[in-house]
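Peer 1: Sequence and predicted model, in that order:
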Amino acid sequence: MLSFLRRLAARKGTEASCPQKPLPPCTAKARTGAEGEEAAAAHLCRLGWKLLARNWRSRQLELDIVAEDGETLVFVEVKTRTAGGMQRPFEALTPAKKERLCRAAQAWLEAHDAWGRPCRFDLVCVTSHAGTYQTELIRNVIEYGEQSPRNALGRRDTSWQPW
């Protein structure tokens, strides 16, 4: 699978909107997670999305992928699990994780002066089995009303924003 992702990234035209991140040497669990993020990014590129950022950080906050689906900003959380494991990928998106994602998205919007753009939160579930990765996109994993209408920056946002 890793060689497939490298070949995919090497194709002309994919470098700008779908750059591949180098995979650092790390533990097996961390490598599985990094390869899952690569599979998720490749999946989103196949859908025609434009990737704006990967592993974007602001202090302790992180966004796995920030992308554009048409005019909509999409904050994508990637959860990778091994097939047959104790937990399925979507089960790892806890209420606490959703709250951290909202704070990270708010920081990204502030840093990029993008408060006026429509946005949503999606989840890419990646299941690994014997070096292959199956991806599933779940849209709108954070619904309006789950979070406070007043964000952490003290601003009131428009009704379409999920916080």
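Peer 2: Sure thing, it's come through. Bear in mind the structure is a predicted one, so any value in this text is a computation, not a measurement.
Peer 1: would you put the C-alpha positions of stretch 58-71 in PDB?
Peer 2: Extracted in PDB, the C-alpha atoms of stretch 58-71 (Å, rounded to 0.1, in the frame of the first residue of the first chain):
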ATOM      1  CA  SER A  58      -1.700  25.500  17.100                       C
ATOM      2  CA  ARG A  59      -0.200  24.900  20.600                       C
ATOM      3  CA  GLN A  60      -1.700  21.500  21.700                       C
ATOM      4  CA  LEU A  61      -4.500  21.600  19.100                       C
ATOM      5  CA  GLU A  62      -4.200  19.600  15.900                       C
ATOM      6  CA  LEU A  63      -6.300  19.100  12.700                       C
ATOM      7  CA  ASP A  64      -5.400  16.000  10.700                       C
ATOM      8  CA  ILE A  65      -6.600  17.400   7.400                       C
ATOM      9  CA  VAL A  66      -8.100  20.800   6.300                       C
ATOM     10  CA  ALA A  67      -9.600  20.500   2.800                       C
ATOM     11  CA  GLU A  68     -12.000  22.300   0.400                       C
ATOM     12  CA  ASP A  69     -15.000  20.400  -0.900                       C
ATOM     13  CA  GLY A  70     -16.200  22.900  -3.400                       C
ATOM     14  CA  GLU A  71     -16.700  26.200  -1.500                       C
END
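Peer 1: In that stretch, which residues are buried?
Peer 2: Residues of stretch 58-71 classed as buried by neighbour count (16 or more other Cβ atoms under 10 Å): 61, 63-69. In short, each C-beta sits where N, CA and C put it, glycine included.
Peer 1: before we move on, what about stretch 71-78?
Peer 2: 73-78.
Peer 1: Same question for stretch 106-117.
Peer 2: For stretch 106-117, a neighbour-count test (16+ other Cβ under 10 Å) marks 106-109 as buried.
Peer 1: helix or strand right after the biggest helix by length in the chain?
Peer 2: Secondary structure of the chain per DSSP state H: the longest helix is helix 28-46. Where DSSP states H and E defines the elements, the next helix or strand beyond helix 28-46 is strand 50-58.
Peer 1: Can you list the low-confidence ranges for the protein?
Peer 2: 1-25, 85-87, 89, 144-163 (pLDDT under 70).
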